[in-house]
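Asks: attaching a predicted model along with its sequence, questions to come.
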Amino acid sequence: MNWFERMKSGLRTIKKRELPDGVWIKCDGCGELLYQKGLEKNLRVCPKCDHHFRISSKEYINILVDEGSFQETNAEMTSIDPLKFRDIKRYTDRLKDHIKRTGQNSAIQTGVGEINGHPLALGVMNFSFIGGSMGSVVGEKVVRLINTAIDRRIPLVIVSTSGGARMQEGAISLMQMAKTSANLFRLSQHGLLYISVLVNPCTAGVLASFASLGDVIIAEPKTLIRFSGPRVTKETTGQEMPPGFQPAEVVLEHGFLDMVVHRKDLKSTLTNLIELLT
Ligand SMILES: [Zn+2]
């Protein structure tokens with residue numbers, strides 16, 4: 001039926017009510033329509049169902065450290081393309097694209113700051129930068145951060161979110177697992193505290209290296225924590241995985257995690273741990 005026939009038949013088109021862009025957002029947890037500004041005030045946690053929306057590394061830094069105390073280190077460091085890698089696009093173009101989109105040069109921000117007056121070395125991964133994948137730069141920045149913690153004798157906190165090793169850097173990415181793990185061993189030999197915070201999702205090569213090596217390992221509610229996705233796990237074990245496997249709460253039950261902490265309590269929990277353990 002065209003417009004003219006509609007008019008004749010008395011049918012009227014109802015004008016679709018338009019929601020201004022960026023004012024409302026639908027909750028992935030409960031489907032509720034949420035007001036963006038209110039959500040931001042609530043640290044981007046749904047007030048109805050407690051769903052923790054993904055936030056950037058900058059937002060975590062704002063939540064965790066005392067205002068004005070964070071000094072970023074090695075912010076300029078960025079990947080080269082040693083393998084001349086190309087999938088659907090060139091790796092160099094992908095890098096440029098993500099640098100432009102996130103305003104950052106790599107998938108992790110590192111630096112020193114204070115948390116309720118206690119100095120700490122802090123690293124925060126950014127999932128928006130090529131899925132928080134770990135290549136040579138993430139590995140190198142983590143190691144330099146560990147060195148800073150050792151030099152200053154301060155605790156280390158890393159907030160990890162990642163899809164795993166960065167395939168565009170092949171074996172060089174995989175080597176970062178050994179490199180970061182070996183250097184965390186050096187940190188422990190100096191008797192320094194390392195707290196690992198896992199946020200959604202935390203998987204594969206990052207989980208299998210520095211994210212799982214914390215003296216204390218904590219996660220935000222419902223964070224997906226797993227080495228591989230359901231398809232690979234099914235192929236390997238022959239078992240069907242339940243939908244959404246496996247959230248932090250299940251991992252906690254099995255003893256891999258020490259605690260599940262709501263985003264609003266992250267800063268106070270980290271402060272308490274640092275006061276207790278250093
Ligand atoms: Zn919700």
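Replies: In hand now; what should we look at?
Asks: can you tell me which residues contact residue 162?
Replies: Going by CB atoms under 8 Å, 6 or more residues apart in numbering, residue 162 touches 107, 125, 127, 131-134, 201-207, 211. For every residue, glycine as well, the C-beta is placed using N, CA and C.
Asks: at 7 Å what do you get?
Replies: Residues in contact with residue 162, defined by CB atoms under 7 Å, 6 or more residues apart in numbering, are 125, 132, 133, 134, 202, 203, 204, 206.
Asks: take the residues you listed and write them to JSON lines, including secondary structure and distance to the ion.
Replies: Converted to JSON lines, the contacts of residue 162 look like this (DSSP: H, G, I helix; E, B strand; the rest coil; distance: CB to the ion, whole Å):
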{"residue": "125", "secondary structure": "strand", "distance to the ion": "24"}
{"residue": "132", "secondary structure": "helix", "distance to the ion": "23"}
{"residue": "133", "secondary structure": "coil", "distance to the ion": "28"}
{"residue": "134", "secondary structure": "strand", "distance to the ion": "30"}
{"residue": "202", "secondary structure": "strand", "distance to the ion": "21"}
{"residue": "203", "secondary structure": "strand", "distance to the ion": "23"}
{"residue": "204", "secondary structure": "helix", "distance to the ion": "27"}
{"residue": "206", "secondary structure": "helix", "distance to the ion": "27"}
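Asks: most neighbours out of these, which is it?
Replies: residue 134 (32 neighbours; other CB atoms under 10 Å).
Asks: can you verify my assumption that it contacts residue 205?
Replies: Yes. Between residue 134 and residue 205 there is a contact under CB atoms under 7 Å: 5.6 Å.
Asks: overlap in contacts of these two?
Replies: Joint contacts of residue 134 and residue 205 (CB under 7 Å, 6+ apart) are 165, 173.
Asks: show me the contacts for residue 272.
Replies: Per CB under 7 Å, 6+ apart, neighbours of residue 272: none.
Asks: now for the longest helix belonging to the chain, which elements pack on it?
Replies: Using DSSP state H, we find that the single longest helix of the chain is helix 170-189. Here helix 170-189 touches helix 136-152, helix 204-207, going by 3 or more CB pairs under 7 Å, 6 or more residues apart in numbering; DSSP states H and E.
Asks: what comes into contact with the shortest one?
Replies: Outside of helix 204-207, the residues that reach it under the criterion CB under 7 Å, 6+ apart are 134, 160, 162, 163, 164, 165, 173, 174, 177, 225, 227, 228.
Asks: pLDDT-wise, which helix or strand of the chain ranks last?
Replies: helix 3-9 (a mean of 61; mean pLDDT, DSSP states H and E).
Asks: how about residues contacting the following helix or strand past that helix?
Replies: Per DSSP states H and E, the first helix or strand lying C-terminal to helix 3-9 is strand 24-26. If you take CB under 7 Å, 6+ apart as the criterion, strand 24-26 is touched by 33, 34, 35, 36, 39.
Asks: how much space separates residue 110 from residue 85?
Replies: 25 Å (CB to CB, to the nearest Å).
Asks: which one's more surrounded, the two?
Replies: Shown here are residue 110 and residue 85; by other CB under 10 Å, residue 110 has more neighbours (25 against 16).
Asks: show me the contacts for the more buried one.
Replies: 73, 74, 123, 141, 144, 145.
Asks: spit out the contact partners of the one residue in the stretch 51-200 of the chain that gets nearest to the ion.
Replies: The ion sits closest to residue 51 of the stretch 51-200 of the chain, with a gap of 4.4 Å, by CB to the ion. Applying CB under 7 Å, 6+ apart to residue 51 gives the contacts 27, 28, 29, 30.
Asks: list of residues touching stretch 182-195?
Replies: By CB under 7 Å, 6+ apart, stretch 182-195 touches 143, 146, 149-150, 153, 155-157, 210, 213-216, 218, 270, 273-274, 277-278.
Asks: before we move on, the earlier item: ok, of the contacts of strand 24-26, which one's closest to residue 90?
Replies: Proximity to residue 90 was ranked across the contacts of strand 24-26 by CB to CB; first place goes to residue 36, at 34.8 Å.
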